[in-house]
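Visitor: Got a sequence here, can you model it:
(one chain, ligands or ions: 1)
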Amino acid sequence: MTRVLVVEDEPQLVRALEINLKARRYEVDTALDGATALRLAAAHHPDAILLDLGLPDMDGLDVLRNLRRWIRVPVLVVSARHASDEKIEALDAGADDYVTKPFAIDELLARLRAAIRRAATVTTAEEEVIVTTDEFTVDLAAKKVHRGGHDVRLTPTEWHLLDVLIRNPGRLVSQVQLLQEVWGPSYRTQTNYLRVYMAQLRRKLEANPAHPRHLITEPGMGYRFEK
Ligand code: CA
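Guide: Numbering: from 1, shown residues only. You can find the predicted model right below:
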């Protein structure tokens with residue numbers, strides 16, 4: 001069964017969504033505020049999230065940013081705000097789609113199905129990803145790294161950092177993006193963390209850590225993974 005977390009503070013709308021979703025055989029969790037939403041997302045691992053931006057305790061965008069630090073499932077933002085800036089901000093913060101209130105419930109459900117389908121395709125593709133360099137091999141699905149016929153043991157933080165870089169092959173990933181994704185938004189200036197952890201990763205993965213060929217520093221900007 002597909003589990004949907006509905007985050008919405010208007011009780012009537014929550015009821016309408018719950019009835020319609022359950023009628024289509026979704027399992028439904030409901031949260032009337034942001035704190036409950038974060039708690040339920042962690043406890044129940046929903047397959048998709050409907051997120052209202054206007055919540056009583058926190059801004060829906062902050063809920064979204066928090067979720068995106070550790071959750072990849074589709075998030076549909078539902079909002080009464082019409083300004084296109086808001087939509088861009090929501091999409092930049094990791095929303096998969098945006099529905100403006102008032103909406104037709106059939107349209108919302110169609111978009112939800114589409115988002116879940118897209119996510120399923122992406123997940124399947126990701127699960128097959130094994131990245132091989134001449135020095136080491138990374139299995140993203142199994143979360144394993146092999147080098148010279150042995151498993152390389154990485155700490156969770158090292159793994160997270162490597163994972164973000166490897167999923168963006170050849171692309172410069174900014175210091176801020178890495179700090180936000182791996183440590184969280186309040187660490188966005190702690191570039192010393194990156195230096196320390198990148199040095200550890202290079203010691204474990206590079207033939208010559210002083211002259212890395214796969215985990216490249218772009219001074220003052222960020223890091224890049226090269227095969
Ligand atoms: Ca609201």
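Visitor: how is the chain carved up into domains?
Guide: 3-119, 128-225 (automatic domain parsing).
Visitor: can you give me phi and psi for the residue of the chain found nearest the ion?
Guide: For the chain, the residue closest to the ion is G54, as judged by Cβ to the ion, at 3.5 Å. Where you see a C-beta, it was placed from the backbone N, CA and C, and this is true even at glycine. Backbone torsions of G54, given as degrees, to the nearest 10, read phi -90, psi 90.
Visitor: list the contacts for it?
Guide: Taking Cβ atoms under 8 Å, 6 or more residues apart in numbering, we find G54 in contact with D9, G60, S79, A80, R81.
Visitor: and the second one, how many neighbours?
Guide: The local packing of G60 (other Cβ atoms under 10 Å) involves 26 other residues.
Visitor: Tell me which residues touch it, please.
Guide: Contacts here follow Cβ under 8 Å, 6+ apart; on that basis G60 touches V7, G34, L51, D52, L53, G54, V77, S79, A90.
Visitor: mind listing the strands for the protein?
Guide: All strands of the chain, identified by DSSP state E, fall at 3-7, 27-31, 48-52, 75-79, 97-100, 130-132, 137-139, 144-147, 150-152, 172-174, 215-218, 222-225.
Visitor: Would you mind giving these as CSV with distance to N192 added?
Guide: As requested, the strands of the chain are exported to CSV (distance: least, Cβ to Cβ, whole Å):
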stretch, distance to N192
strand 3-7, 36
strand 27-31, 37
strand 48-52, 34
strand 75-79, 32
strand 97-100, 37
strand 130-132, 27
strand 137-139, 25
strand 144-147, 24
strand 150-152, 24
strand 172-174, 16
strand 215-218, 14
strand 222-225, 14
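Visitor: Compile those into TSV and extend it with columns for mean neighbour count, distance to L64 and mean pLDDT.
Guide: Formatted as TSV, these follow (neighbours: other Cβ atoms under 10 Å; distance: least, Cβ to Cβ, whole Å; pLDDT from 0 to 100):
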stretch	mean neighbour count	distance to L64	mean pLDDT
strand 3-7	24	10	97
strand 27-31	18	13	97
strand 48-52	25	6	96
strand 75-79	24	6	92
strand 97-100	16	11	88
strand 130-132	13	29	88
strand 137-139	17	29	92
strand 144-147	17	31	94
strand 150-152	11	34	94
strand 172-174	15	20	81
strand 215-218	16	28	92
strand 222-225	20	23	90
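Visitor: any chance of those in TSV, plus distance to the ion?
Guide: Compiled in TSV, the strands of the chain are given as follows (distance: least, Cβ to the ion, whole Å):
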stretch	distance to the ion
strand 3-7	9
strand 27-31	12
strand 48-52	4
strand 75-79	8
strand 97-100	13
strand 130-132	42
strand 137-139	42
strand 144-147	43
strand 150-152	47
strand 172-174	33
strand 215-218	42
strand 222-225	36
